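Colleague: can you look at this prediction? I've put the sequence above it.
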Amino acid sequence: MALRQLLLILALVCANDSLSTSEVILGRPQIVKCRSPEQETFSCHWTDKDFHNLTTPETVQLFYMRRNDEEWKECPDYVTAGENSCYFNTSYTSIWITYCVKLINKDEVLYEKCFSVDEIVQPDPPVGLNWTLLNTSLTGIHADIQVRWDPPPSADVQKGWITLEYELQYKDVNETKWRELEPMLTTVVPLYSLKLGRDYEIRVRSRQRASEKFGEFSEALYVSLSSISSVLCNEEIQFPWLLVIVFGTFGLIVVMFLILFSKHRRLKMLILPPVPAPKIKGIDPDLLKKGKLDEVNSILASHDSYKPQLYNDDSWVEFIELDIDDPDEKTDGLDTDRLLGDDHCKSHNCLGVKDDDSGRASCCEPDIPETDFSASDTCDGTSDIDQSKKISEKEEDLLCLDQKDNDESHASPADPSTQKPNTNIQSKPPFADSIESTSPPVRTQLSNQSSGANADFYAQVSDVTPAGSVVLSPGQTNKTRRTQCEAYTEPAIQCQPNFTMDNAYFCEADVKKCITATSHDAVEPHVQEQSFNEDVYFTTESLTTTAENPGTAAVEASNSEMPVPDYTSIHIVHSPQGLVLNATALPVPDKEFMISCGYMSTDQLNKIMP
Amino acid sequence: MRAARKGYAWLCALLWLLGKPPGAVFVAICARQGDSSCRFLSVSDLFDRVIQHSDRLHSLSTALYLDLEKNFLPNGNELGKWTGKCHTSRMLTPNGKEYVQKIPREELTQLILRLLQAWKEPLSHFDQNIGHHQELSSDSLSKAKQISNMVHELKTGMEKVTEKMQSMGIISNSLNGMGSSEAAGLSISNEANVMSDYEFIHCFRRDSNKVQSYLKILKCRIWPGNSC
């Protein structure tokens, strides 16, 4: 109820307003509009007046006056232009002359206006609108059309009296706002990108060039594109989700590859960590590769731990070549394994040929499971200690293993090879392969000879002379070994040297055996003292005492057909700390290598290599 | 503004061509024999350029007129429009299409030149005086300056085309017309100083339209074709 009343009130108010305004309009003619369509004639129109009640329409008069004249004249034609109009034909029309018109109602001037005809030119609308289809897009969504029209027939464009400008407007039938094109002088214009399946309306209007006012619009041209709608695609283009996904994944892949490529090295580090190459302090591996012994020696000479040796121009040295193998092989296979005759040692240069490291596989590196003999010349005394510690652990195992091996290796034939200490010389013999073949027999021998816990296989090489002689030092105490393998110990270590004194080197193991066997009392405490101490060297006295024993043993062994071991003759380097073992010539049987402790005597080498 | 500059450029090209001896116009363009790109520039083309220049002149004057109308007639009162005479009103000019078509070509050509001559000097004065109007924008002032230049150029160009047409026999030589135009122009220009700026521009706009229409009619009379 209240709402209805409100609406009624609003309606009344609106009606009142409209009535009031209309009254104002109908009261007096306000404006007289004059227009010339072609600049040859013109006409003036005035608005409806509400004089029905008051006066007759005929009383309204329009007078005009040209500027050149001095009096007002009445309108010549009230009819042609319609009601409430005055028409001036060509005879009354003068261009570029000021006209003044006034509307009079019974001597009452209603309106007055002055103008010039060239200022009031408003052309008629163009005629003959039509359109043609230019082309359609490949997608079948859009189309181009061309619209053509003719200028209004009243305007004399042919003779150049008037120059027209056209403006085209078009819109979709469903829209409300018209789209405009820029005014143009031509009567042909293309319309681009109209959508198929829709209808359009087009209209054109014209004006005189450099004028302000346009004429009336032409009739709307109806363009029906719905009949030409393509079969392909009638729908709006939807958001291309598929394209977005495809390109998104592609972009991600590209980014990933970029990351991989940029972090290539880091990833490679993660997956394949590099293996550190073994090094010796101060020595370039290239020198060793090239076989330049002199330079290496000079470098080593500058090293602190190097003890100058007397160069011994032994012919033996000349035939010693450096066999530089891959230092990584050093890590493969312990010497003890080789001594025990492990099979895998066959593939490597196990026997003493690991002299190739000649200082490359540093005994300073704790990782290398080498025993003390490995490149001890570059090591400090401390490193020797570390090695000795390790050796002790390994030898314990070895000692225990020996007993096991004894049972297994009885059947294996005995070859001329004896136990070999892990002494490595810097120069290596070139008969690595042949030496290796003897490893299993060595193993058997060792096992045969091993007398249990006191089988001391290792001697530590503290120094190596350039001549190839080795400075030995005891690696471990006999005591620790004894304690470990108590169960397996035999009553006494038989000093059964299967070696001859002819060989160049002592096998320290043999030596120790002899030491323990013969001078047990004398040496043992001394050896014990030497365990894990800086004083890790044999004293010359101790060794000399034992030297005889191996010599005697060697004589016995020489009678047997056991393999001839190699010996080092003892050459005192610096008393009382060090001991240098020199190579001495020994007779060698025919083709067999009589190797004990893994070393070749020079005679053996000479025989093999004339 | 752009139209004015374009017109400027066109007229420069036109004058560059017209500044040479009549015969040289065509020789300079087609210097190389048998060159396909060499286009023979006919008098009708030159005339077209003159017409284009006059169109731009009229546009410019209309724009300036509207600017001044805003300042001097703020209410848009139709009654207050200037109805006074212009200093060129004394000149007998055809005021209807039929008359323009009936008049001989030579007379029409002379008429154009006289009109341009009549406005040449007053415009230079106008250009100097309009700077005193502080309420006008710099845009309006620049338009006034351009109008002054364009009239001068248009007149010069029209003279050259007239000479060419006379040499080609399109229009006959009439020596009287030029002399009288000078004298008439001088007497007229004195009156121009009395008018106000608004009136001045109102008159000039009308005369520029006159010149434009005359040129078009003349061109279509001499070279009727589709471009009319």
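Modeller: Yep, it's here.

Colleague: wasn't A:S211 part of a helix?
Modeller: No. Counting by DSSP: H, G, I helix; E, B strand; the rest coil, A:S211 is not part of a helix but coil.

Colleague: count the neighbours of it for me.
Modeller: 22 (other CB atoms under 10 Å in any protein chain shown). C-betas here are computed from N, CA, C, even on glycine.

Colleague: just list the residues touching it, thanks.
Modeller: Contacts for A:S211 (CB atoms under 8 Å, 6 or more residues apart in numbering or on different chains) come out as A:E119, A:V121, B:T62.

Colleague: just send these back as a markdown table, with pLDDT and distance to A:L110 too.
Modeller: Formatted as a markdown table, those follow (pLDDT from 0 to 100; distance: CB to CB, whole Å):
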| residue | pLDDT | distance to A:L110 |
| --- | --- | --- |
| A:E119 | 88 | 22 |
| A:V121 | 92 | 25 |
| B:T62 | 91 | 30 |
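
Colleague: need those residues in CSV (columns: distance to A:P273).
Modeller: Formatted as CSV, the contacts of A:S211 follow (distance: CB to CB, whole Å):
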residue, distance to A:P273
A:E119, 95
A:V121, 94
B:T62, 88
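
Colleague: how about CSV for these, with distance to A:E112 and secondary structure added?
Modeller: CSV is the format used below for these (distance: CB to CB, whole Å; DSSP: H, G, I helix; E, B strand; the rest coil):
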residue, distance to A:E112, secondary structure
A:E119, 16, helix
A:V121, 21, strand
B:T62, 24, helix
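
Colleague: phi, psi for B:Q52 please.
Modeller: The phi and psi values for B:Q52, taken as degrees, to the nearest 10, are phi -60, psi -40.

Colleague: separation between it and chain A?
Modeller: Using CB to the nearest CB, to the nearest Å, B:Q52 is found at 11 Å from chain A.

Colleague: just give the number of residues close to that residue.
Modeller: Neighbour count of B:Q52, defined by other CB under 10 Å: 17.

Colleague: cool, A:T176 as well?
Modeller: 6.

Colleague: let me see the confidence value for it.
Modeller: With respect to pLDDT, A:T176 has a value of 92.

Colleague: residues in a beta bridge with A:L62, which ones?
Modeller: Residues in a beta bridge with A:L62, per DSSP bridges, are A:L103.

Colleague: before we move on, the earlier item: what is the nearest of the contacts of A:S211 to A:E40?
Modeller: Nearest to A:E40, judged by CB to CB, of the contacts of A:S211 is A:V121 at 9.7 Å.

Colleague: what's the neighbour count on that closest one?
Modeller: A:V121 has 24 nearby residues by other CB under 10 Å.

Colleague: need the contact list for the one residue in chain B that gets nearest to chain A.
Modeller: In chain B, the residue that lies nearest chain A is B:K216 (3.5 Å; CB to the nearest CB). B:K216 makes contact with A:G160, A:W161, A:T163, B:I51, B:C228, according to CB under 8 Å, 6+ apart.

Colleague: repeat that with 10 Å
Modeller: A:K159, A:G160, A:W161, A:I162, A:T163, B:F47, B:I51, B:S54, B:D55, B:V100, B:C228 (CB atoms under 10 Å, 6 or more residues apart in numbering or on different chains).

Colleague: does it count as helix, strand or coil?
Modeller: Under three-state DSSP, B:K216 comes out as helix.

Colleague: measure it to B:Q101 for me?
Modeller: Distance, B:K216 to B:Q101, by CB to CB, to the nearest Å: 11 Å.

Colleague: shared neighbours of those two, which are they?
Modeller: Taking CB under 10 Å, 6+ apart as the contact rule, B:K216 and B:Q101 both touch A:K159, A:W161.

Colleague: OK, contacts around the closest residue to chain B within the stretch 151-300 of chain A?
Modeller: Nearest residue of the stretch 151-300 of chain A to chain B: A:G160, at 3.5 Å (CB to the nearest CB). By CB under 10 Å, 6+ apart, A:G160 lies in contact with B:51, B:100, B:212-221, B:224, B:227-228.

Colleague: and it, what element?
Modeller: Element membership of A:G160, judged by DSSP states H and E, is empty: it is in no helix or strand.

Colleague: mind listing what the closest residue to A:N89 other than its chain neighbours touches?
Modeller: Closest residue to A:N89 apart from its sequence neighbours, by CB to CB, 6 or more residues apart in numbering or on different chains: A:T41 at 5.3 Å. Contacts for A:T41 (CB under 10 Å, 6+ apart) come out as A:35, A:77, A:80-81, A:87-93, A:117, A:154.

Colleague: which of those lies closest to A:V246?
Modeller: Nearest to A:V246 among the contacts of A:T41, with distances taken as CB to CB, is A:S154, at 62.0 Å.

Colleague: which SS class is the nearest residue to A:T132 once chain neighbours are set aside?
Modeller: Distances taken as CB to CB, 6+ apart place A:Q146 nearest to A:T132, at 5.1 Å, with adjacent residues excluded. Secondary structure assignment for A:Q146 (three-state DSSP): strand.

Colleague: how about A:Q146, what does it touch?
Modeller: So A:Q146 contacts A:N130, A:W131, A:T132, A:L133, A:L134, A:V188, A:V189, A:P190, A:L191, A:Y192 (CB under 10 Å, 6+ apart).

Colleague: ok, the spatially closest residue to A:Q158 that is not a sequence neighbour - contacts?
Modeller: Residue nearest to A:Q158 in three dimensions, not counting chain neighbours: B:C228, with 5.7 Å by CB to CB, 6+ apart. Contact partners of B:C228, counting by CB under 10 Å, 6+ apart, are A:D156, A:V157, A:Q158, A:K159, A:G160, A:W161, A:T163, B:K216, B:I217, B:K219, B:C220, B:R221.

Colleague: 6 Å instead, please
Modeller: By CB atoms under 6 Å, 6 or more residues apart in numbering or on different chains, the residues touching B:C228 are A:Q158, A:G160, B:C220.

Colleague: any stretches of chain B with poor pLDDT?
Modeller: The model of chain B has pLDDT under 70 over residues B:1-4, B:6-40, B:73-84, B:174-194.

Colleague: ok, which stretches of it are helices?
Modeller: In chain B, helices defined by DSSP state H lie at B:2-18, B:22-29, B:43-72, B:97-102, B:105-129, B:138-168, B:175-192, B:197-222, listed in chain order.

Colleague: okay, the ones you listed, which one's buried deepest?
Modeller: Ranked by mean neighbour count, the helices of chain B are led by helix B:197-222 with a mean of 23 (mean count of other CB atoms under 10 Å in any protein chain shown).

Colleague: compute the inter-axis angle for that helix and helix B:138-168.
Modeller: Relative orientation of helix B:197-222 versus helix B:138-168 (axes from the mean of the first three to the mean of the last three CA atoms, to 10 degrees): 30 degrees.

Colleague: orientation of helix B:197-222 relative to helix B:43-72 in degrees?
Modeller: 160 degrees.

Colleague: point out where the stretch 401-550 of chain A drops to low pLDDT.
Modeller: If you take pLDDT under 70 as the line, the stretch 401-550 of chain A has these spans: A:401-459, A:468, A:470-471, A:473-550.

Colleague: can we see that at 50?
Modeller: Residue ranges of the stretch 401-550 of chain A with pLDDT under 50: A:401-454, A:477-506, A:517-550.

Colleague: from A:E112, how far out is the residue nearest to A:Q158?
Modeller: Here the criterion is CB to CB. By it, B:C228 lies 38 Å from A:E112.
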